[in-house]
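J.: Okay, predicted coordinates and the sequence, questions at the end:
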Amino acid sequence: MLAQALAGTAITFGMECRAADARPELMQALARAGLSSLLLGLESGSQAALNRMGKNSTPTQNLAAIDAARSAGLEPEVGFIMFEPDATLEDLAANLAFLRRARLLDRLGRTANLLHHHQIALMGTRLYARTLAEGRLAPEGPLGFHGRLVYRNPRVAWLAGAMRGLCLRVLKAMGEPDSGLHWRREAAREPYVTINALLIEQFERLLALSQSWAAEPATCQAVSALAQCQGEIEGALARSRPGEAAAYM
């Protein structure tokens, strides 16, 4: 109906939709009608996580939705939660494999968001009520409308904190016009490509380290690994500054 109503118009528009609604014929019709930006609510590449979130979808359906959008000439952005409070290391490995298969880790700004994004609990949701009752939510803000979630798995909690710091450091640099990494200049070239690959490699490395621990993070290893990653990021950012482009040649 929406596609028919907009057919023949000269406007462009964006929309959000669930994966189940991103059918090939609908995507084609909306693209012809002027759809230029699309946000797909995928949430996860792990079936276990999708089940916990009550999404009634599968990773295969999520991949099909991405393919449907791309077949219509649209490169979708995605709603994706890498870290949710009940996540396991297996969920995180499945998420990474999904993002690779979906070719969603191809752009630094997107990669830095996807590799650290965590679930937020809002007052009035089942997640908020459940985790508050379990003592796993600390309300924040003057009215407590949202809260900081406590992860069930301490290794997941460590990895979530580590990736959050690394990714936010890169995103901060991308927001600084004189950093040499500003998002307005982002393209498939250096230094964006190198730092994008570095973030992915660091996620893989820290995930493997987390998997090597029996239960709790090993303090010395955790501190050393995170310090190494931070140093690598700072070095890459330093080389990205104006006048330092030759460092990537």
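T.: Nice, thanks for sending it over.
J.: Let me see the ranges of the helices in the protein.
T.: Ranges of helices in the chain, per DSSP state H, are 2-6, 24-33, 47-53, 59-71, 89-101, 108-114, 126-133, 154-174, 192-212, 219-239.
J.: So which elements touch the fifth one?
T.: When contacts are defined as 3 or more C-beta pairs under 8 Å, 6 or more residues apart in numbering; DSSP states H and E, helix 89-101 packs onto helix 47-53, helix 59-71, helix 154-174, helix 192-212. All C-beta spots, glycine's among them, are computed from the backbone N, C-alpha and C.
J.: try 6 Å this time
T.: Other elements packing on helix 89-101 under the criterion 3 or more C-beta pairs under 6 Å, 6 or more residues apart in numbering; DSSP states H and E are helix 192-212.
J.: on that earlier part again, make a markdown table from the helices of the chain and add mean neighbour count, mean pLDDT and distance to residue 140 to it.
T.: Formatted as a markdown table, the helices of the chain follow (neighbours: other C-beta atoms under 10 Å; pLDDT from 0 to 100; distance: least, C-beta to C-beta, whole Å):
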| stretch | mean neighbour count | mean pLDDT | distance to residue 140 |
| --- | --- | --- | --- |
| helix 2-6 | 13 | 53 | 38 |
| helix 24-33 | 17 | 95 | 38 |
| helix 47-53 | 17 | 96 | 21 |
| helix 59-71 | 19 | 97 | 30 |
| helix 89-101 | 18 | 98 | 24 |
| helix 108-114 | 21 | 97 | 21 |
| helix 126-133 | 16 | 93 | 12 |
| helix 154-174 | 20 | 98 | 16 |
| helix 192-212 | 18 | 98 | 26 |
| helix 219-239 | 15 | 97 | 24 |
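J.: what's in contact with stretch 236-243?
T.: 173, 180, 181, 191, 195, 198, 247 (C-beta atoms under 6 Å, 6 or more residues apart in numbering).
J.: So the residue lying closest to residue 152 once chain neighbours are set aside versus residue 169, what's the distance?
T.: Closest residue to residue 152 apart from its sequence neighbours, by C-beta to C-beta, 6 or more residues apart in numbering: residue 86 at 5.2 Å. Counting by C-beta to C-beta, to the nearest Å, the gap from residue 86 to residue 169 is 27 Å.
J.: about what we covered before: can I get the helices of the chain in CSV with distance to residue 81?
T.: Formatted as CSV, those follow (distance: least, C-beta to C-beta, whole Å):
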stretch, distance to residue 81
helix 2-6, 27
helix 24-33, 23
helix 47-53, 8
helix 59-71, 12
helix 89-101, 9
helix 108-114, 10
helix 126-133, 11
helix 154-174, 11
helix 192-212, 15
helix 219-239, 22
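J.: just to revisit the earlier point, just the contacts of stretch 236-243 now: which is nearest residue 22?
T.: Nearest to residue 22 among the contacts of stretch 236-243: residue 195, at 30.3 Å, using C-beta to C-beta.
J.: Spit out the contact partners of that closest one.
T.: 108, 236.
J.: so who does residue 16 touch?
T.: By C-beta under 6 Å, 6+ apart, the residues touching residue 16 are residue 39.
J.: 7 Å instead, please
T.: By C-beta atoms under 7 Å, 6 or more residues apart in numbering, the contact list for residue 16 reads 39, 41.
J.: Check what pLDDT it gets.
T.: Note for residue 16: predicted pLDDT of 94.
J.: Throw the contacts of stretch 236-243 into a markdown table and include distance to residue 18, thanks.
T.: Shown next, in a markdown table, are the contacts of stretch 236-243 (distance: C-beta to C-beta, whole Å):
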| residue | distance to residue 18 |
| --- | --- |
| 173 | 33 |
| 180 | 38 |
| 181 | 33 |
| 191 | 36 |
| 195 | 32 |
| 198 | 33 |
| 247 | 43 |
